[in-house]
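Peer 1: 3D model of this:
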Amino acid sequence: MSVDAVLIAGPTASGKSAAATALAEAVGGAVVNADSMQVYREVRILSARPSEEDMARAPHLLYGHVGASERYSVGRYQIDAVAALAQARAQGRVPIFVGGTGLYFAALTDGLADIPSVPAAVREEARDKLAALGVAGLHAELARRDPETAAQLRPSDPQRVLRAYEVYEATGRPLASWQGEAGVPVLKGLRLAKFVLDLPRALLRERIETRFRAMLAAGGRAEAAALKSLDPALPAAKILGLRQLWALDDGLMTEADAVAAAVTATRQFAKRQETWFRHRMTDWRTVALTDFSSIITLVRKNFS
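Peer 2: Sure, this is the predicted structure:
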C-alpha cells in the first residue's frame, strides 16, 4: 500500500472500531486508539473498548494502558501516539488510528501547542477553589480572568474548566492562546487516508441506546460502582453513563431514568462530535457507513 497511515473518526457507537479491526485484518494493519476514554483500563465496558476477541484479530495499541485515577492529557497522548506509530511501523504494519476524540486527531494531523506543565502548588490551589466554588463558580472566576477560553467551555464541565483555570494561573496566558500555537504533528510528512463515518441520525440514536443497554447487561453497573471514589475533576470522570449509574447505585434514580438520562447524554455528545468533525475535518473523506466493507474498498482502490 502507498498510504503510510489510515485515520478513522466517527461519533460514539458508529461502528468505527469494527471498521478499523476489519481493515487491519485486510491490509496487515495495527489499530491505534484515538479515543480519550478507551485509554482507561478500569472501564472496558463503559468505554466500549474492543473485546479481547477483536483485539486478538489484529494488534491493538493504546487501549486500557492508563489508570482512571491518572490525569491523562492530549499532551501525553501525543507522546504515546509517537511510540505507537514507531511500534506499528517497526512491525511492518499500517497504523490505523481510530476514535472519536477530535483533539487526539488534531495532535496527529495538525500538532498541538507545548503548554507548560502546571506546578503542583497551583494545581492544588485550583482544585481547592473548585471544591469551594463548584464548577459554575470556578467558570465564573475563569470568565473574569480569561473570557476568551471561558466562552468556549461549558460551565458544567469540571475537567476542562479546571484545566483552563490552572493554565491561566500558572502561565498568565489564556489556554486558548496556547492552543493556537500548533506544534509538530505526530504524522507529519506521512501519506494519510482520512475517513469520517457518517450514519443517519435515527440509526445512530438507535445504536446508542442498544449499546448502552448491552453495557448494563455486560456488567456496566458494577464497573461504574467500582469507580465511585473517582475525583470528579479527573478526565476519566467524563466517561459517558458513569454519573447516571452512580445515581442509580445511590438510589437517586430508577434504572429506567438512569438509562434514559445516559442515552440522552450520549446522544448529545455524539452530536457535539459530529459538529467537530464537520467544522474541523473538512478535508476528510466522509463515508456513509452501514457496513465497514466500504472503507476497505476505498483504501484498496485509492491508496494501493
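Peer 1: list the buried ones in the helix or strand hosting L162?
Peer 2: Assigned by DSSP states H and E, L162 belongs to helix 158-171. Using 16 or more other C-beta atoms under 10 Å as the test for burial, helix 158-171 gives 158-170. From N, CA and C alone the C-beta is placed, and that goes for glycine too.
Peer 1: I'd like the distance from the very next helix or strand once past that helix to the chain centre, please.
Peer 2: On the C-terminal side of helix 158-171, the nearest following helix or strand under DSSP H and E is helix 175-179. Distance, stretch centre to chain centre, for helix 175-179: 20 Å (C-alpha atoms, centre = their mean, to the nearest Å).
Peer 1: So which elements touch helix 175-179?
Peer 2: Counting contacts by 3 or more C-beta pairs under 8 Å, 6 or more residues apart in numbering; DSSP states H and E, helix 175-179 packs against helix 147-150, helix 158-171.
Peer 1: helices or strands next to the shortest one in the packing?
Peer 2: For helix 147-150, the contact count by 3+ C-beta pairs under 8 Å, 6+ apart identifies helix 120-145, helix 158-171, helix 175-179 as packing neighbours.
Peer 1: So which of those is nearest A236?
Peer 2: Nearest to A236, of all those, is helix 158-171, at 9.2 Å by C-beta to C-beta.
Peer 1: still on that earlier bit, and the helices and strands packed on helix 175-179 as JSON lines, adding mean pLDDT?
Peer 2: Formatted as JSON lines, those follow (pLDDT from 0 to 100):
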{"stretch": "helix 147-150", "mean pLDDT": "90"}
{"stretch": "helix 158-171", "mean pLDDT": "87"}
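Peer 1: G10: which of these is closest?
Peer 2: Here helix 158-171 is closest among the helices and strands packed on helix 175-179 (C-beta to C-beta), at 22.1 Å.
Peer 1: could you dump the closest one to PDB, C-alpha only?
Peer 2: This file holds the C-alpha atoms of helix 158-171, laid out as PDB (Å, rounded to 0.1, in the frame of the first residue of the first chain):
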ATOM      1  CA  PRO A 158     -15.300  20.500  35.700                       C
ATOM      2  CA  GLN A 159     -12.300  18.900  34.000                       C
ATOM      3  CA  ARG A 160     -11.900  21.500  31.200                       C
ATOM      4  CA  VAL A 161     -12.800  24.500  33.400                       C
ATOM      5  CA  LEU A 162     -10.200  23.400  36.000                       C
ATOM      6  CA  ARG A 163      -7.600  22.800  33.300                       C
ATOM      7  CA  ALA A 164      -8.200  26.300  31.800                       C
ATOM      8  CA  TYR A 165      -8.100  27.900  35.200                       C
ATOM      9  CA  GLU A 166      -4.800  26.100  36.100                       C
ATOM     10  CA  VAL A 167      -3.100  27.100  32.900                       C
ATOM     11  CA  TYR A 168      -4.000  30.700  33.300                       C
ATOM     12  CA  GLU A 169      -2.900  30.800  36.900                       C
ATOM     13  CA  ALA A 170       0.400  29.100  36.100                       C
ATOM     14  CA  THR A 171       1.300  31.000  32.900                       C
END
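Peer 1: what does that helix rub up against?
Peer 2: Around helix 158-171, the neighbours that count as contacts under C-beta atoms under 8 Å, 6 or more residues apart in numbering are 115-116, 118-119, 122-123, 125-127, 129-130, 135, 138-139, 141-142, 145-146, 149-150, 153-155, 173-175, 178, 232-235, 237-238.
Peer 1: please redo it, this time with the cut-off set to 7 Å
Peer 2: Residues outside helix 158-171 that contact it (C-beta atoms under 7 Å, 6 or more residues apart in numbering): 115-116, 118-119, 122-123, 126-127, 130, 135, 138-139, 141-142, 145-146, 149, 153, 174-175, 178, 232-235, 237-238.
Peer 1: what about burial for those, which qualify?
Peer 2: Buried subset of the contacts of helix 158-171 (neighbour count, 16+ other C-beta under 10 Å): 115, 118, 122-123, 126-127, 130, 135, 138-139, 141-142, 146, 149, 153, 174-175, 178, 232-235, 237-238.
Peer 1: Now the helix or strand hosting F277: buried residues?
Peer 2: For F277, the host element (DSSP H and E) is helix 255-280. Residues of helix 255-280 classed as buried: 258-259, 261-263, 265-267, 269-270, 273-274, 276-277 (neighbour count, 16+ other C-beta under 10 Å).
Peer 1: Reformat those residues as CSV; add pLDDT and distance to E52.
Peer 2: As requested, the buried residues of helix 255-280 are exported to CSV (pLDDT from 0 to 100; distance: C-beta to C-beta, whole Å):
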residue, pLDDT, distance to E52
A258, 97, 27
V259, 98, 26
A261, 98, 30
A262, 98, 25
V263, 98, 26
A265, 97, 28
T266, 98, 24
R267, 98, 28
F269, 96, 26
A270, 97, 26
Q273, 96, 26
E274, 96, 30
W276, 94, 30
F277, 95, 29
